[in-house]
Every structure is written in C-alpha cells, then in structure tokens.
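*Asks:* Mind looking at a prediction? Sequence and model below.
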Amino acid sequence: MTTKTSSIKINTSKNFEIIDITSKINELIDIEEGIVSIFSRHSTSAIVVNENEKGLLSDLEFMLNEIVTDKFSYEHDRIDNNARSHLKSFLLSSSETLPVKNAKLDLGTWQSVFFIELDGPRHSRTVTLTMVGE
Amino acid sequence: MTTKTSSIKINTSKNFEIIDITSKINELIDIEEGIVSIFSRHSTSAIVVNENEKGLLSDLEFMLNEIVTDKFSYEHDRIDNNARSHLKSFLLSSSETLPVKNAKLDLGTWQSVFFIELDGPRHSRTVTLTMVGE
Amino acid sequence: MTTKTSSIKINTSKNFEIIDITSKINELIDIEEGIVSIFSRHSTSAIVVNENEKGLLSDLEFMLNEIVTDKFSYEHDRIDNNARSHLKSFLLSSSETLPVKNAKLDLGTWQSVFFIELDGPRHSRTVTLTMVGE
C-alpha cells in the first residue's frame, strides 16, 4: 500500500469551459488498484463525472445559468464580480474520488471526468491527484 | 493496510427510482476500518446519502423535476432523449466516499445510502465499491 | 500506510449557519500525506469547500432558499417539518474527501472547508474524519 500525488495544470480560454481530463488523469495514475482523489484548488471551478457529448455539455451551461440566475444582485459581487461562479461551484463541488483498476480510472462506458471552469479565462488552474492503493 | 473491491448489480423498474443500498454495501465491506468509495458506472444515475423516509424521497423527485424543468428543449435530446436525466446526475453526483468502522458503513442514525435511477427502467446497473483501510 | 479517525463536535445557534472547520480539521490530521474523508453524520447538514467571504456565504443561503422554494408543500413535512433542510442537503452532499500534505489539508489559497447547518439550532452535530495515508 502506498500514496502518490501528482497534478494537472490547465489554462482556460473562456468564461465557462468544460475540459475532459480523463486521459491526463490516466497518464498520471501511478498505482495499480485503489482510489484517486481529483481535487480542484479553486473555488470558481468544479470536478464532475458524466458523458462527453457536446450538446449535453451545452445543456449543463444553460441549466447552471437558469439555477444561478442573473435576475438577483449578489452580495459577493461587491467584493469580486463572480458570485454566480462560486455558487455554481457549490452545487457541482470541487472534487471527485474515483476507483482505479489496472492503473486506470475504472469508469463506465459513457463516463468522462471533467474540469469545469466557471470564471475564466484563467492561467494555471491546478487539479491535484492523490492516489491511495497498491 | 489493503484495498478490496466489490460491486452491486441493480435492476430498476421505473424511470425514476430510489433504492436503499446500505445493507448490500454492509454485506460486501471487507475491511475493519477505513473508507469505501461507492461509485455508479452510469451517467444517468446518482449515489446520495440521506434519510430513508418515503415522503422525503418523493419530495426529492419533485424538486429535481422543478430544477431541471421540462419547459426547455435540451440539445442532448437530439442525440438521446434523456438530457434531463444527465443534468439531474450532474447535480447529485455519481459517487460518495464514506467512513467504515467495525466492518460497516459508519453512518448517523438517520442516514442511508441510495442509488438513484434517473433514466430507467434499466437492467444491470453497476455500483463499484472500492475499500481502502485495514 | 495507516488509517486514523477523529471527530469534531459542533453546536449550532441558528437555523441556517455556515461554520468554517478548516483549522479544526488541520489540528486533528494525524497523517503526513494521503486523503481525509470529512463526513457529517446528519441528513440536514452538508460539508462543502469554497471561499470564506461573508457576502458569498449569505448569497449561498439566498440561492438555496430560491432553489428549494417554500412555494410548495412537501410530503416529508407531514412527518417532520424540515423537508427543505433535507432537500438542500441532497444538493450540497454530506461529505468531501480531500488531499492531505505535510499533515495539513492541501487546499488552494481561497478555499476553506465548511460545515453547513440546514436545520438548526442543534447540539452535538458530529463530523467524522477518516484519514488514509502515511
């Protein structure tokens, strides 16, 4: 049994952007079997698991904008004009802990892991990987 | 320290269905102390922890239908007519990582672990358990 | 490699209350490197990671009250008058599993870990910490 760490650097180019990081994670996995914590070090981003289909990812953006509506004025916008980005992050959450098998993420056929930029564009977003297993 | 894996197969009979998998997980736990990752291999389902009270579970279905409303047309529905199922899964998430103590889930009095079917009925839904501990 | 457990007791004084538990968790971490599962044993509470800015935390309360509106009557309220508290907990989730480095939570600059009371005031809310690493 061992614990290993690694990280992924991401540059985003849009305000809202969904980036499939499945293959990058698989390249960095350094245990055969166990779990990996995938954690974004930013409070205006998220880590999620779902299907990589272009229309669906567009629907996700639409839904988040409906739920965290721009009809209201938010208090955090007096400090930093990105309250809605933080609120979307609260709903999606900043991490996922997933199974590893044969040194790869053990996902279903239609699943990918995504980093979601909610307040871009940004340089050097960092996602931390912490593996525990053998 | 060790890592162990197991899985649960679930057949669902309704489009929306909530199944309490707490006792099945407890039967399969094979470590004394540590954590267990409970992961659904499907992007139109979810794993959640809350109270097993019939009215509450009905309220959850109602709330999800309010949040992910059928008033809009979704792009993913052109490919596969289940955009709302995926969007609900994004909000609830496909995994939970929980504490294990005395070879059982270490939950509070009013907590159960649920598999939520969001696009059923389906055969052979698979939930993966990955235990890390001793 | 080892697994260690600890817990935090919290007394809340309001119906909705957000408590930063980052420093308490750091005091209790007893591994150098690995992961820690932070789990609330209550189905009307949540564990989340985001920025500790007063206005933002007020926006979170506002948003949750918008999403889980009081315009409807909920079935669980016939049993126990706190359906909306449970429904908010479903959306935020009751746990986070996070990286540990140098015997501390390995968070980004603007991140804190919060316990969210959704049905207070309550005595002796318990958050379980389960560490796995070395």
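*Replies:* That came in fine, so what should we check first?
*Asks:* Can you name the residues that contact A:I21?
*Replies:* By Cβ atoms under 8 Å, 6 or more residues apart in numbering or on different chains, the contact set of A:I21 is A:8, A:10, A:38, A:113-115, A:127. C-beta: built from backbone N, CA, C; applies to glycine.
*Asks:* pLDDT value on A:D30, please?
*Replies:* We note a pLDDT of 98 for A:D30 in this prediction.
*Asks:* Narrow the contacts of A:I21 to those in strands?
*Replies:* Among those, DSSP state E puts A:8, A:10, A:38, A:113-115, A:127 in strands.
*Asks:* Take those residues and lay them out in a markdown table including neighbour count and pLDDT.
*Replies:* Output for the ones in strands among the contacts of A:I21, formatted as a markdown table (neighbours: other Cβ atoms under 10 Å in any protein chain shown; pLDDT from 0 to 100):
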| residue | neighbour count | pLDDT |
| --- | --- | --- |
| A:I8 | 18 | 98 |
| A:I10 | 20 | 98 |
| A:I38 | 24 | 98 |
| A:V113 | 24 | 98 |
| A:F114 | 23 | 98 |
| A:F115 | 22 | 98 |
| A:V127 | 25 | 98 |
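*Asks:* beta partners of the most centrally placed residue in chain A?
*Replies:* Centroid-nearest residue in chain A: A:I47, 2.1 Å away (criterion: Cα atoms, centre = their mean). Listed by DSSP bridges, the beta-bridge partners for A:I47 are A:F115.
*Asks:* pretty sure it contacts A:S89?
*Replies:* No. A:I47 is beyond contact range of A:S89, at 10.0 Å (criterion: Cβ atoms under 8 Å).
*Asks:* For stretch A:59-77, what is the spacing between the initial and final residues?
*Replies:* The first residue of stretch A:59-77 is 25 Å away from its last residue (Cα to Cα, to the nearest Å).
*Asks:* what does the average pLDDT come to for that stretch?
*Replies:* The model assigns stretch A:59-77 a mean pLDDT of 97.
*Asks:* now check that stretch, is it near chain C?
*Replies:* Yes. For a cut-off given as Cβ under 8 Å from any Cβ of the partner chain, stretch A:59-77 has contacts with chain C, namely A:67-69, A:72, A:74-77.
*Asks:* is chain B contacted by that stretch?
*Replies:* Yes. Under the criterion of Cβ under 8 Å from any Cβ, chain B is reached by stretch A:59-77 at A:59-60, A:62-63, A:66-67.
*Asks:* Mind giving me the PyMOL command for buried ones among those?
*Replies:* Restricted to buried positions by 16 or more other Cβ atoms under 10 Å in any protein chain shown, the PyMOL selection for these reads:
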select buried, chain A and resi 59+60+63+67
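*Asks:* Identify each buried residue in stretch A:106-118, please.
*Replies:* For stretch A:106-118, by 16+ other Cβ under 10 Å, it's A:106-108, A:111-118.
*Asks:* Likewise for stretch A:45-52?
*Replies:* Buried-residue list, stretch A:45-52, by 16+ other Cβ under 10 Å: A:45-51.
*Asks:* which residues are contacting that stretch?
*Replies:* So stretch A:45-52 is contacted by A:20, A:38-40, A:56, A:60, A:88-89, A:92-96, A:98, A:107, A:110-119, A:125, A:127, B:43, B:86, B:89-90, B:93-95 (Cβ under 8 Å, 6+ apart).
*Asks:* and it, average pLDDT?
*Replies:* pLDDT averaged over stretch A:45-52 gives 98.
*Asks:* ok so, going back, could I get the ones in strands among the contacts of A:I21 as TSV with distance to C:G133?
*Replies:* Output for the ones in strands among the contacts of A:I21, formatted as TSV (distance: Cβ to Cβ, whole Å):
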residue	distance to C:G133
A:I8	20
A:I10	25
A:I38	16
A:V113	22
A:F114	26
A:F115	24
A:V127	19
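*Asks:* how about the buried residues of stretch A:106-118, which pair is most distant?
*Replies:* A:D106 and A:L118 (27.4 Å; Cβ to Cβ).
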